[in-house]
Structure formats: C-alpha cells, structure tokens
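*Asks:* below are the sequence and a predicted model; questions follow.
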Number of protein chains: 4
Amino acid sequence: MTITVAIAGARGRMGTAAVTAISNAANMEVVAALDYKYDNHYLHNGEVTMEPNGIPIYTSLESLVADGKPDILLDLTDPNAVFNNTYQALTMGIRPVIGTSGLTKQQIETLSEMAAESRIGGIIAPNFSIGAVLAMKFSAMAARYLQDVEILEMHHDKKVDAPSGTAVKTAQMIQEVREAHKQGHPDEKEHWEGARGADFEGMKVHSIRLPGLLAHQEVLLGGEGELLSIRHDSFDRKSFMPGILMAINNVIERENLVYGLENILD
Amino acid sequence: MTITVAIAGARGRMGTAAVTAISNAANMEVVAALDYKYDNHYLHNGEVTMEPNGIPIYTSLESLVADGKPDILLDLTDPNAVFNNTYQALTMGIRPVIGTSGLTKQQIETLSEMAAESRIGGIIAPNFSIGAVLAMKFSAMAARYLQDVEILEMHHDKKVDAPSGTAVKTAQMIQEVREAHKQGHPDEKEHWEGARGADFEGMKVHSIRLPGLLAHQEVLLGGEGELLSIRHDSFDRKSFMPGILMAINNVIERENLVYGLENILD
Amino acid sequence: MTITVAIAGARGRMGTAAVTAISNAANMEVVAALDYKYDNHYLHNGEVTMEPNGIPIYTSLESLVADGKPDILLDLTDPNAVFNNTYQALTMGIRPVIGTSGLTKQQIETLSEMAAESRIGGIIAPNFSIGAVLAMKFSAMAARYLQDVEILEMHHDKKVDAPSGTAVKTAQMIQEVREAHKQGHPDEKEHWEGARGADFEGMKVHSIRLPGLLAHQEVLLGGEGELLSIRHDSFDRKSFMPGILMAINNVIERENLVYGLENILD
Amino acid sequence: MTITVAIAGARGRMGTAAVTAISNAANMEVVAALDYKYDNHYLHNGEVTMEPNGIPIYTSLESLVADGKPDILLDLTDPNAVFNNTYQALTMGIRPVIGTSGLTKQQIETLSEMAAESRIGGIIAPNFSIGAVLAMKFSAMAARYLQDVEILEMHHDKKVDAPSGTAVKTAQMIQEVREAHKQGHPDEKEHWEGARGADFEGMKVHSIRLPGLLAHQEVLLGGEGELLSIRHDSFDRKSFMPGILMAINNVIERENLVYGLENILD
C-alpha cells in the first residue's frame, strides 16, 4: 500500500527537500500541494508551471480533497497557517504531520482532543532531526543522575536570538527531571559580567556565535571525577528528512496525536 | 535504618575510596573487611593496625558473619576471588554488589539462578561509573536510528590493550540493535594501512594512546546532514562511587541479581 | 590601482565562487577566463553566453594576452593543465596564483627557478583555506615540544581515499620537526587489527568516515599531564576565498614563487 | 656540567614535583631549598628532617649562598615573597626562574633592568605548561586572520573566579593583534541575560564550571565557511615540569630576563 501525502509549504526550501525525500520513499507518494496561491498550477521539479505535469497545487483543502483524499497532510508552513490547516485536516479525517514550534499550549490541546475523539493519528514536531531529538532526550535522561548541567549552543553569526530555541527546549526538558539548584562555587565571582552565561534554575546556558558555524549544541553533565557530553551537529536540512518519513509511517498506525518526535522514538 | 556493608578489597585504591564514600553516606555503615590476610587486625584510616579501632578484618566470610551478618558484601577484588565470595555471600543470604568484568557467562548464570531461588537482590557491574554506563546505553539507543557508527577511545600511553574493554562492550551493545553493514565508500582505499581503524561488523573502532590522556571515549553516529556524538571523560576513580552507592541502595530493594549498572538506571 | 585577474577554471564550482569573491574585492577585477573551450564566448553570472556581456573567454593564453595582459593568472584547473598554464604565464610575465596539490617536486622546482630568474611573484598552494593552513602550521610548531602526536581526520562517507591529503601533508610537516619514535606502550597489543590506526614514523593517523560529516581534522599532541588539540572544520568552499584574495595581494608585492599558503602567513 | 638549582617553595605540591623532575634531569641537581622556616633542617623524600640527609634548607639567601652559590633560583612561592627573592638573586648573580602571575608591571620592569645591566639570564612565567602557552600563542597568531573569536574555559566547580586567569591572558594577547569589533548579529537579542557571555572588545568569553572537570580551555576562531579550534586540557600539575626544565636550560644561556614562557619557544 502506498501512503498518499499532500504537502503544505512544498515550494519552500524544506518543502522542496521533503518532496524529493517522499517521492524517493518506496511506500509513499506526493499527491498534492496546498498553497496560498497558484491554484490550478503544477509543481514540477521545484518549478511552478501551468502544464498538467507534476504535483497539482490547490489553494483550499476542500478542493484538494475533492480530487482525492490524501492519507497525510505534511505541513511545513509558518505557525499562522498551521493551526487552521491542521484543524481542517483532522475534520476531514486526514492525518497531520506538522513541523512547527509556534503553536500555543491551548492550540496543541485542542488539536489533541480532536484527534483523540476521531481516533486519527498525528504528530506535531518542533524538530524533525532524529539526532537533535535524541540529544535532547538523552540529556534529560542523564540529568537525573548527573545533575550539574551546562548547555553550549553554537550558531552562525546571522542568528539574532540567544539562546537558541533548541537550547531553551533542552533546558526545559532537563528542568522536569532535576531539582533547581545553584551550580558552581557558592562564592563564585564573575569578574567579567556574563562570563558564567545565562542562568536557568541553576543550569548555565552559553551561546556562541561565529561566522562559519552552522548549528551545533553540546550538553555537558558533570559528576564526581567524570564528564558526560552529548553533542549534536546539524550540517544540512536534509537531516530533517528521515524524521519526517518516520513520522509519516508512524501516524498511519496510531490513533492519537503526539507532540514531539521523541515520543515516537523508543 | 542503616545498611551494613562488608567490603572485600578494602585495602586497594578503589576499596579505600569506597570505604570513605560509604562511611560518608547517611544511611550506610562499613562494618567489616574481608581479606586474604590480616585476620584479627583492623583497618583504620587506610592503615592496617592491631589496635581494636576501625573496621575489623576477617579472612573468612564465616568468621565475619559470626560477628554479625552484614546486609551487603561489596566485592572489589580480582575475578579469581570474586566468584567464590559471591557464591558464599548468596548462600548466607548476604546481598552481593560486585565490581568486575572477569566473570564468565556460566558463572553469572549460576549466581543469577541462586539469587532468584533465594530471592536475594544483587548486582554484578563491570563498570560503576554512571556517566560511562549512560554513554554506552545512549550509544546503543541512538544506533537504532543512526546506524553508521565509529567509536574513538583515548587513553594514556601506559595502556597495553587496544581497543579498551569499554569500547569492545560498547560495540557489542550496538551490535545487538543494528544490522551489520559495510560503512564508508564501497570502493574505499586505505593508502596507509590501518587508517580506517578496526572493523567490527562494519563499525569502526579507533584507539588513541597519548601521554597526558586519562580515559575518554567518544561515539560518533552519522546521519544524512547530521552527527550525534556521545562522549565520556573519566578523570578520577571517585567517579565510581555514586554508582556503588546507588547499587547498594538498589539491591536492598530487589529480589534478583542483575548484570550491568545500566539495568538499575531508568 | 586595480589588480587585473584572469581565471582558469572559472566555470567550475570553485571558480564560480572565486569570480564572485574577486569581483567583490575593492582592489581587484576579473578581466578574462582561460578555458579549453568556448572561445569568443562570455561568462555572465555563471552562464556561458554568446552575448558580449561579462567576462570574455579565451582558449589560449596568447590570445588572452593579446587583448590585454592581466596582472595575475589564478588557476583552479586540474593538475594536468596547471603546469603548462603556469609555465606560460611566467614566460609572459603574468604572476601565477595556483591552487593544486598535483604538481611534482621537479615541476615546482622548475617553476620556482623561472620565477626567481624573472623576479616574478607567484604562489602554488595545495590548500587556500587559511584555517586549515594555520592548523597544519601550528601542529608542526607544537610537535617540536609535544612529540607524541595522533591525527584524526573526519570526512563524509563519499570520500574514497584514506587518509585524506591534508592528513598526509600534516604528518609530513610534523615529520620534519620531530624524530621518528614508537608511540604508545612498548608492548602494545592490538586485539582488533587496525585499532591503533595507520603508522607514519610512530605518529598514528585515524580516518573517520560517516554520512553527515563534511571535512574535519583534529591533531592531538600529548605531553606529561596535558593535551593540546588543534582542530579545523571546513563547512563550505567559501572558506577558500579569503586565502585566494590574500595570495593575489601578496604575489603582486613579491619577486619569487612560494609553495604553500603558510609561507605568506606570518 | 651540572646546573645547580636552589628551590624556594620546595615543600609545596608544585615544589615537590619540581624536586623530583630536576633530580631526574641528567644535567641538573637540586642543591638547596629556600624556606621561611626549618633553618638547618633537610628535605628528604618530601619530608622535613633534622638528619643531615637530603636537600639542606636555608631561611636566607645569604646563608644559602655562603654554603655554595647555585646557578639557578627556582621560585615557586607566592607573589609576596617572589619579588624580594628575585631581587636578591639578581644582586647575587643567581639566575632566577620564577613561576608566578602576581608581579606588577613595575616590578617586572625593575627586575628586567637589573638583569639587563648585570647580563644575567632569567625568566618570569605565569604558566610553565608548554601546551597552555602554545595554545595562547597560536590563538593570538590565528586571530590576525580569523578575527571573530570566542573563548571557552572549563574548570571544576571549586574555582571561585570567572573567567580564569588564562582566559583573561589569552584575550589580552588576542587584543594586541586584532582590532576591537562587535561580533555576532548587529541586532542580536539576549533573551536570557548572560547567554552571550562576557564581552572583551567584542570577543566573547564563556566560563563553564562543573564537578569532574579539571582545567580546560578552547579558543574558537570563525571565518567564512570554516572554524579553527585550539584546545588545551590540563590534567595534572606534572604538565608544568617540562617547561620548568626548558626554562632552566634556557636562562643559563641568555643574558637578559624574559617574561612569559612563549618567548623561549620558537
């Protein structure tokens, strides 16, 4: 059986990579693109065309479904569009695979309840990189035993925000398993302000920004006489594709909506 | 309630550290030392003395138990002594906490059966470093998803064996969760022999030996566009103490014998 | 004064990046392309065109010079073409900036003598990445004092050769400053063949190949109680551009030909 | 010829290591200890004794010299004692080898002038670890070309001060070769205060403190598409011994006083 997939955001950089990855998967097919423009056009090798060749583009989910209901809606658009797309997909019995970190707790709850009632599988994942998700998961697992933690995140110098969203999320996941406590020497003196980094419940977070860097994170966990370091390097957005394929295969089997790729990794 | 602990190997370097760590634990007490000599002597601040001051030394478990049965036998001696000590401890209803990698599968099975029949808790652990054990566990968990793996282990240049026991154990744990396959380019050419390291089911293992180094291991797991690295640095044998204390607390509660500290970490 | 540059290999990936970088430099201009085909065509925004718009393409250096002698010939072609191009450039009084590792010692000597006689500046550089060249230079400087060295090089798994050219070059540079000697324990035992890596005069070289990796090298130098690590990560071929611009500015001033970018870095 | 060495601070931990290292050197001998107490005693295998066996202890340099003028005074005491000891040594024609970071610029100048006038060789070194000194030197050399720099220093959590003295010194050495400039995104936003670390002329400095850690520093230098990392790990105070021996051999040859081990490394 082939899993049929409609993609919202197929023209973007992530979407383009996803079209290729899904088309290359043995058991999947991209059957439609959902867009805010280019109705009645086609997406062919990454280009929009009028020729009836390639993936048909629709500007509404209704018209898309009218031509054939897909099994999956993969949504790679921005947070503004995502909620409505997902809501509609669930209403129509299409399983959503959503890549965004922008939904509110309230929105996630609403969608989860809808999915549970209709027994429709789905996933919302802020991060589809399996390596990044494992790194966060392992950091939280380890922090139960090695409770002194510092997070280093390193990015190119075009990044505006510090710390990174992944570092914040990692700190929050660790927060859930360890008690807040002051780290370092009790009488610590910061001769140069900021040297000890940002403080989150005693954990320290350090943001490095340099030209040349891509996206890297290292979590250091110290114990008596030992150090455990969990590092993830993200070199290319291709790293999100295996997680997307895994998510598509997973939601076909399940009857509820999960938040976070970590919940479908054992 | 105080947990009473007898220690075999209390005069060694690891044993000396264990005496201190257990004595400092709020709920534990070192009540006796089991040794192959110094019967009727005492261990006081790391020195053997005739004065009746400190920890009494016994050369047989019978005479030790005659003066008061301890809850736990912590055995830090060599593989030759360990099996008999543990066997005897189980016979007498003392819970064994054993630090060795030298027992055979057959010996471990025999002891496990004894413990199960008598419902006595116990643990045999080749490595009591929580960080090292977590690093191995995480590596095996990750290798299910990121199946191309290389192991780097780095030690001081006084180490004779390559690869290290920990690297071998790590490779074996990964072997259980991933299918063997050739890594690297299919037509790979090794212009300098050995450059690509040792091969274990396709995994590559590299042993670095340099003056200055202590004991370090890094497992690299590569995926499309990303890298996950799990590193453990062991700086001091004090790193084994938290694992020993955790094991003592754990075996008091359980009614069987487990092999490997990873099995009492969630 | 503007430095005029002709480029051989301008249509390649490195050449395309070089055209952009040189065009953006305040004191430089790309005036011509030397190619084995497309005579009388033009290179315009990376595309070959018949329109007289962009950089004129020539298939011989004579015809190129006939239309105006450039100050510099930047040659980014393969080793086969490079020697003749450089020889001719020197004959015509054009300063060569050559990016290749493929010339023989004999060829380099011939070109150096020509340049010295005519007092023409030039450079042949196997690697234009300033970071990579500094990393090699520092490794060799440090190996005079910390004489136990292991080289780790890490590349994507599409690379056929092990070790990498950079690792070989690094080992050779270190060879010149330290005496060969056996490293590690004198009675070292390799239980898994290849674990200790390739041996080059006692130095060990380890080649890691994983999907996801780009191009990385780490030189570890161990001493009593300490470790010095010099690492270079190459994420993008843009990293070669600053070195090319530096080389162009440098050869304008000099009256001989040097081999290796390290010789124009202080 | 044997170089005769008197040691101030011979009973301390560093001094004890130095006595061993110098005694083991083929061309050196420890002939006396300078101390603030234990006059007429002897230092024998690290213990103070009345027996005339081992290294004689003196409480004044005059009485020490009266029994035989040493070639070298190695001073490993605190900054308070060091200036007077060195001043006196120079007056008496003894070559000083001084390990402290506590002297003022004025004091260093005074001693340098004295040494220059009398043509006596000497060295004052805040750090005798060859690896650490090379790491600082290389960082400064590289920062001329890769001008965006972040310094990470990592220490055990018993350290009170942040950043470390070595990090401050490294930043100052880099300051001398690069122009101050703002790094990172011009509109950078620190959502968690301190995340971007301490700022020193645009360079960022991050101090990590964790149990388990010893003393580590990593300097990251970023350029277009590349990263150069220079890391030093200090595992044991034995790492200072090769630098002390090198300094002793060097000052015998020279006729002036230098500040910093880097000045006797090529």
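*Replies:* The structure has been received and is ready for your questions. Everything numeric here is computed off the predicted structure, so don't read it as measured data.
*Asks:* host element of the nearest residue to residue A:107 once chain neighbours are set aside?
*Replies:* Leaving aside its sequence neighbours, residue A:107 sits nearest to residue A:83 (Cβ to Cβ, 6 or more residues apart in numbering or on different chains; 5.3 Å). Where C-beta positions appear, they are placed from N, C-alpha and C, glycine not excepted. According to DSSP states H and E, residue A:83 maps onto helix A:79-91.
*Asks:* now do residue A:48
*Replies:* Using DSSP H and E, residue A:48 sits within strand A:47-49.
*Asks:* adjacent strands (with direction) for that strand?
*Replies:* Its sheet considered, strand A:47-49 pairs with strand A:42-44 (antiparallel) by DSSP bridges.
*Asks:* neighbouring contacts of the partner strand?
*Replies:* A:10-11, A:19, A:33, A:48-57 (Cβ atoms under 8 Å, 6 or more residues apart in numbering or on different chains).
*Asks:* can you point out the buried residues in that strand?
*Replies:* Residues A:42, A:43 are the ones in strand A:42-44 that count as buried (16 or more other Cβ atoms under 10 Å in any protein chain shown).
*Asks:* which other helices and strands contact the helix or strand just after the helix holding residue A:83?
*Replies:* Counting by DSSP H and E, the next helix or strand C-terminal to helix A:79-91 is strand A:95-98. Applying 3 or more Cβ pairs under 8 Å, 6 or more residues apart in numbering or on different chains; DSSP states H and E, we find strand A:95-98 packed against strand A:72-75, helix A:79-91, strand A:122-124, helix A:241-253.
*Asks:* can the third one be found next to chain B?
*Replies:* No. Where contact is defined by Cβ under 8 Å from any Cβ of the partner chain, no part of strand A:122-124 touches chain B; the two come within 15.8 Å at best.
*Asks:* what's that strand packed up against?
*Replies:* helix A:79-91, strand A:95-98, helix A:105-118, helix A:241-253, strand A:257-259.
*Asks:* list the buried ones in the longest one?
*Replies:* Burial within helix A:105-118, assessed by neighbour count using 16+ other Cβ under 10 Å, is assigned to A:107, A:108, A:110, A:111, A:112, A:114, A:115.
*Asks:* so what does it touch, helix or strand wise?
*Replies:* For helix A:105-118, the packing partners by 3+ Cβ pairs under 8 Å, 6+ apart come out as helix A:79-91, strand A:122-124, strand A:257-259.
*Asks:* which ones are touching residue A:2?
*Replies:* Here residue A:2 is in contact with A:27, A:28, A:29 (criterion: Cβ under 8 Å, 6+ apart).
*Asks:* against residue A:71, how distant is it?
*Replies:* Separation of residue A:2 from residue A:71 (Cβ to Cβ, to the nearest Å): 9 Å.
*Asks:* for the spatially most central residue of chain A, give me its contacts.
*Replies:* The centre of chain A sits closest to residue A:127, judged by Cα atoms, centre = their mean, with a distance of 1.9 Å. Counting by Cβ under 8 Å, 6+ apart, residue A:127 makes contact with A:101, A:133, A:166, A:169, A:240, A:243, A:261.
*Asks:* which residues does stretch A:8-19 contact?
*Replies:* With Cβ under 8 Å, 6+ apart as the test, stretch A:8-19 has contacts from A:7, A:30, A:33-35, A:43, A:46, A:48, A:55, A:73-77, A:81, A:85, A:99, A:237-238, A:240-241, A:244.
*Asks:* kindly recompute the last result at 6 Å.
*Replies:* By Cβ atoms under 6 Å, 6 or more residues apart in numbering or on different chains, the surrounding residues in contact with stretch A:8-19 are A:7, A:30, A:33, A:34, A:43, A:46, A:75, A:76, A:77, A:85, A:237, A:244.
*Asks:* again with stretch A:101-117
*Replies:* Residues beyond stretch A:101-117 that count as contacts (Cβ under 6 Å, 6+ apart) turn out to be A:79, A:83, A:86, A:90, A:122, A:126, A:165, A:256, A:257, A:259.
*Asks:* try stretch A:193-210
*Replies:* A:149-155, A:157, A:162-163, A:167, A:171, A:175, A:180-183, A:190, D:148, D:150, D:162-163, D:184, D:192, D:194-198, D:205-207, D:222.
*Asks:* could I get that stretch in CSV with only the CA atoms?
*Replies:* Extracted in CSV, the C-alpha atoms of stretch A:193-210 (Å, rounded to 0.1, in the frame of the first residue of the first chain):
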residue,chain,number,x,y,z
GLU,A,193,29.9,40.2,33.6
GLY,A,194,28.2,37.4,31.7
ALA,A,195,31.2,35.1,31.8
ARG,A,196,29.1,32.4,33.6
GLY,A,197,26.4,32.5,31.0
ALA,A,198,22.6,32.7,31.4
ASP,A,199,21.1,31.0,34.4
PHE,A,200,18.0,28.8,34.2
GLU,A,201,17.2,27.1,37.5
GLY,A,202,21.0,26.9,38.2
MET,A,203,21.8,25.4,34.8
LYS,A,204,24.1,27.6,32.7
VAL,A,205,23.5,28.3,29.0
HIS,A,206,26.2,29.7,26.8
SER,A,207,25.5,31.0,23.2
ILE,A,208,28.4,31.1,20.8
ARG,A,209,28.0,33.0,17.5
LEU,A,210,30.7,32.8,14.9
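*Asks:* quick check: mean pLDDT of that stretch?
*Replies:* The average of the pLDDT scores along stretch A:193-210 is 98.
*Asks:* what's the answer for stretch A:81-88, then?
*Replies:* Here the average pLDDT along stretch A:81-88 is 92.
*Asks:* I'd like to know which of the contacts of stretch A:193-210 are buried.
*Replies:* Among the contacts of stretch A:193-210, the ones that count as buried by 16+ other Cβ under 10 Å are A:149-155, A:157, A:162-163, A:167, A:171, A:175, A:183, A:190, D:148, D:150, D:162-163, D:184, D:192, D:194-198, D:205-207, D:222.
*Asks:* re the thing from before, which among the helices and strands packed on strand A:122-124 is found nearest to residue C:140?
*Replies:* Nearest to residue C:140, of all the helices and strands packed on strand A:122-124, is helix A:241-253, at 40.7 Å by Cβ to Cβ.
*Asks:* if we can go back for a sec, as CSV, the helices and strands packed on strand A:95-98 with mean neighbour count would be great.
*Replies:* CSV is the format used below for the helices and strands packed on strand A:95-98 (neighbours: other Cβ atoms under 10 Å in any protein chain shown):
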stretch, mean neighbour count
strand A:72-75, 26
helix A:79-91, 18
strand A:122-124, 27
helix A:241-253, 20
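*Asks:* now tabulate these in a markdown table and tack on distance to residue B:216.
*Replies:* Formatted as a markdown table, those follow (distance: least, Cβ to Cβ, whole Å):
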| stretch | distance to residue B:216 |
| --- | --- |
| strand A:72-75 | 41 |
| helix A:79-91 | 42 |
| strand A:122-124 | 37 |
| helix A:241-253 | 29 |
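*Asks:* any part of stretch A:132-140 near chain B?
*Replies:* Yes. Judged by Cβ under 6 Å from any Cβ of the partner chain, stretch A:132-140 comes into contact with chain B at A:134, A:138.
*Asks:* what average pLDDT does that stretch get?
*Replies:* Averaging pLDDT along stretch A:132-140 gives 97.
*Asks:* what does that stretch rub up against?
*Replies:* For stretch A:132-140, the external contacting residues (Cβ under 6 Å, 6+ apart) are A:127, A:170, A:173, A:174, A:177, A:219, A:230, A:232, A:261, A:262, B:138, B:142.
*Asks:* if we use 7 Å, what do you get?
*Replies:* The contact list for stretch A:132-140 (Cβ atoms under 7 Å, 6 or more residues apart in numbering or on different chains) reads A:127, A:166, A:169-170, A:173-174, A:177, A:217, A:219, A:230, A:232, A:234, A:261-262, A:265, B:138, B:142, B:145, B:228.
*Asks:* care to break chain A down by domain?
*Replies:* Annotated domains of chain A cover A:3-124+A:238-264, A:130-235 [automatic domain parsing].
*Asks:* which of those domains sits closest to residue B:248?
*Replies:* Nearest to residue B:248, of all these, is domain A:130-235, at 15.3 Å by Cβ to Cβ.
*Asks:* can you measure across that closest one, start residue to end residue?
*Replies:* Using Cα to Cα, to the nearest Å, the end-to-end distance of domain A:130-235 comes to 13 Å.
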